[in-house]
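Peer 1: sharing a model that was predicted from the sequence below.
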Amino acid sequence: MRFVRANFGRRDAFYLVLAALLVAFYTLTVGGGFPLDDSWIHQVYGRNLAHYGEWAFVHGQPSAASTSPLYTILLALGYSLNIPYQLWAHLLGVLALACAGMIGARMADRLVDKDKTTPLFTGLALVLAWHLIWAAASGMETMLFCTFTLVLIWLTWRELDDVASDTNYRLTTRGLIFGIVAALAMLTRPEGIFLAGLCGMMMVIVNPRGTWRGAFFWSVGAALGFAIFITPYLLLNLQLTGGFLPATADAKYAQHLPIIQMTTYPQRLLLMFIPIIAGGQLLLLPGVIYFTITMFQQSRQNRRALFFLLPLLWIIGLIALYAARLPASYQHGRYVIPAIPALIVVGVVGTAQLTQHGRKSPLSRILTRTLAFSAVLAFVYFGCILGVTIYRQDVRIINEEMVASAEWMAANIPPEELLAVHDIGAVGYFAQRPILDIAGLVSLEIVPIYDTEAVWDVMRERDVRYLMAFPDQIPGVSTEDDRLCLLFESNGRTALNAGGGKMQIYRLAWDRLCPN
């Protein structure tokens, strides 16, 4: 197996320019903002880290609601450099999207011989995938994590290179690099540890160098690199939450427990799989199947070919993990979007192999070429047309509902008042004040009693006077509760047109008497 060099070339420059144009196109069509309220949570953590040097959502109250400490640090860097925060967030997305294309093309270089077209189209499909452009422009860590998933797999594949002269030092160094990247992936999303584990497991099973000496020194380096970079984060979580995971883990599980209880596991697997094939990826599925069959056949003669099944194991594992723990298919399946880059790499390569195989007969040649051409058109259509429409709608909903409500709150509610809020991001950024988070992300005491009458008891004990939530986020889900006195409802129409509800702000009447 040949090692693919990482030198920056014209192909990489093309991906970088294209990624910049696409992200700029998406963001400029809506005039600013983010498509998720969670994006504003990241901004609050980044701003507080830069301005106050504290890991907190509410100034002076340390908390661990950020699932991506690495992304928080990167955002804080932008604030420290006085770069406009939206511009900086989108620049980070551009770089992550372009790097995904570069790494994906290199992975395809390794999978095909003497074929420059397939790697080019692999990187192009990654940069044009509408989910990934959306993620790059979202102000979230998702695209950065997507890139790390490809880097981890690529570094694992690098161990297939036949380097007979590798010394113990070089083996340890290569493992060290892998361990550091694995830690950075976990610092971007907690599930990065799962992919790192898959890679390590494959190293043990395949043992590509054929000697336990090589496996031992590589593993020592990997463990050392991982431990050095991840230990401070684990200690921070342990101090803030009493556990090694961020506070959002238990809160998100509590929010989605009704779905877990009302559906079967196969139903949830399908629920999580459907969003990630909504696009040109759907037409790559025959290629994915062909690639899988081909790799299994090759592994019978050469066990090292099992390494190339790593992307498939990651796709299946990530979907299975979220179906079990967090079956959240909304927002375009954003939690399983990191499975898409691996799917695109094996899908494009498999489609190219299928097209090559289809040359054996006129009918199969027509069918396979039609499939490949249709996939190209689908990626262009979804990436340049439909994806823009989806992104624009998502941003408008957040701007019209969350941001507008937060700005009204900042102008009309005294800053010392304790607020009960479900979607805390925009409120934390535009209306900085004490918050009781009834979703439990920064108010951990809410998690065991989420969405019950006990939440009302906590609000009353804390003397909460105002509540901001969508109708289905109100504890008990009843807007007719006579403790709710409506003060504000945004005048935006995008959420209603999309079939959603309106964000509302209530004054809480504990005597159940609302003023006329």
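Peer 2: Received the coordinates, thanks. Numbering: from 1, shown residues only.

Peer 1: quick one: the helices in the stretch 251-400 of the chain, in order.
Peer 2: 265-273, 285-301, 310-325, 330-333, 340-357, 362-381, 387-397 (DSSP state H, counting those that start in this stretch).

Peer 1: and what of the stretch 101-250 of the chain?
Peer 2: 117-128, 130-136, 142-158, 168-188, 192-206, 212-241, 248-262.

Peer 1: can you tell me which of those is most buried?
Peer 2: A comparison of the helices of the stretch 101-250 of the chain by mean neighbour count, using mean count of other C-beta atoms under 10 Å, puts helix 130-136 on top with a mean of 29. All C-beta spots, glycine's among them, are computed from the backbone N, C-alpha and C.

Peer 1: show me what that one is packed up against.
Peer 2: Under the contact criterion of 3 or more C-beta pairs under 8 Å, 6 or more residues apart in numbering; DSSP states H and E, helix 130-136 touches helix 10-28, helix 85-111, helix 142-158, helix 330-333, helix 340-357, helix 387-397.

Peer 1: tell me who's in contact with the closest residue to residue 155 other than its chain neighbours.
Peer 2: Excluding its sequence neighbours, the residue lying closest to residue 155 (C-beta to C-beta, 6 or more residues apart in numbering) is residue 178, at 5.0 Å. Applying C-beta atoms under 8 Å, 6 or more residues apart in numbering to residue 178 gives the contacts 152, 155-156, 199, 218, 221-222, 225.

Peer 1: for residue 178, give its distance to residue 226.
Peer 2: 8 Å (C-beta to C-beta, to the nearest Å).

Peer 1: equivalent analysis for residue 377, please.
Peer 2: 42 Å.

Peer 1: with residue 135 instead?
Peer 2: Counting by C-beta to C-beta - residue 135 and residue 226 are separated by 25 Å.

Peer 1: thinking again about what came up before, of the contacts of residue 178, the lowest pLDDT goes to which?
Peer 2: Among the contacts of residue 178, residue 218 has the lowest pLDDT, at 88.

Peer 1: residues touching it, list them.
Peer 2: 159, 171-172, 174-175, 178, 203.

Peer 1: cool, and residue 175?
Peer 2: 217-225.

Peer 1: where does the stretch 351-500 of the chain dip in pLDDT?
Peer 2: 477 (pLDDT under 70).

Peer 1: residues in contact with the residue positioned nearest the centre of the chain?
Peer 2: Centroid-nearest residue in the chain: residue 142, 2.7 Å away (criterion: C-alpha atoms, centre = their mean). Counting by C-beta under 8 Å, 6+ apart, residue 142 makes contact with 135, 189, 334, 337-338.

Peer 1: go through those residues and say which is closest to residue 449.
Peer 2: residue 334 (26.7 Å; C-beta to C-beta).

Peer 1: relative to residue 455, how far out is the nearest residue to the closest one once chain neighbours are set aside?
Peer 2: Spatial nearest neighbour of residue 334, excluding adjacent residues (C-beta to C-beta, 6+ apart): residue 142 at 6.1 Å. Distance, residue 142 to residue 455, using C-beta to C-beta: 30 Å.

Peer 1: ditto for residue 280
Peer 2: Counting by C-beta to C-beta, the gap from residue 280 to residue 455 is 43 Å.

Peer 1: those two - which one has more neighbours?
Peer 2: residue 280 (25 against 21; other C-beta atoms under 10 Å).

Peer 1: my read is that the more buried one contacts residue 126, right?
Peer 2: No. Between residue 280 and residue 126 there is no contact under C-beta atoms under 8 Å: 10.8 Å.

Peer 1: wait, doesn't residue 171 sit right on residue 212?
Peer 2: No. Counting by C-beta under 8 Å, residue 171 does not reach residue 212; the two are 11.5 Å apart.

Peer 1: what is the nearest of the contacts of residue 178 to residue 409?
Peer 2: Ranked by distance to residue 409 (C-beta to C-beta), these are led by residue 152 at 41.9 Å.

Peer 1: now that closest one: how far from residue 161?
Peer 2: From residue 152 to residue 161 the distance is 16 Å (C-beta to C-beta).

Peer 1: could you do residue 174 as well?
Peer 2: Distance, residue 174 to residue 161, by C-beta to C-beta: 10 Å.

Peer 1: repeat that for residue 404.
Peer 2: 55 Å.

Peer 1: out of these two, which sits in the busier spot?
Peer 2: Just comparing residue 404 and residue 161: by other C-beta under 10 Å the higher neighbour count belongs to residue 404, 19 against 15.

Peer 1: show the contacting residues for the spatially closest residue to the more buried one that is not a sequence neighbour.
Peer 2: Excluding the flanking residues, the one nearest residue 404 by C-beta to C-beta, 6+ apart is residue 490, at 4.6 Å. Residue 490 sits next to 400-401, 404-405, 408, 502-503 when contact means C-beta under 8 Å, 6+ apart.

Peer 1: one more: residue 215?
Peer 2: 203-204, 207, 209.

Peer 1: one more: residue 386?
Peer 2: Contacts for residue 386 (C-beta under 8 Å, 6+ apart) come out as residue 130.

Peer 1: give me the contact list for stretch 417-424.
Peer 2: 37, 41, 57, 402, 409, 413, 427, 431, 433-439, 441-442, 459, 462-470, 473, 503, 508.

Peer 1: can you do 7 Å?
Peer 2: Contact with stretch 417-424 is made by 37, 41, 57, 402, 427, 433-439, 441-442, 459, 462-469, 473, as judged by C-beta atoms under 7 Å, 6 or more residues apart in numbering.

Peer 1: starting at the chain centroid, how far to that stretch?
Peer 2: On the basis of C-alpha atoms, centre = their mean, to the nearest Å, stretch 417-424 sits 25 Å off its chain's mean C-alpha point.

Peer 1: ok, so of the contacts of residue 142, who is nearest residue 88?
Peer 2: For the contacts of residue 142, the nearest to residue 88 is residue 135 (16.2 Å; C-beta to C-beta).
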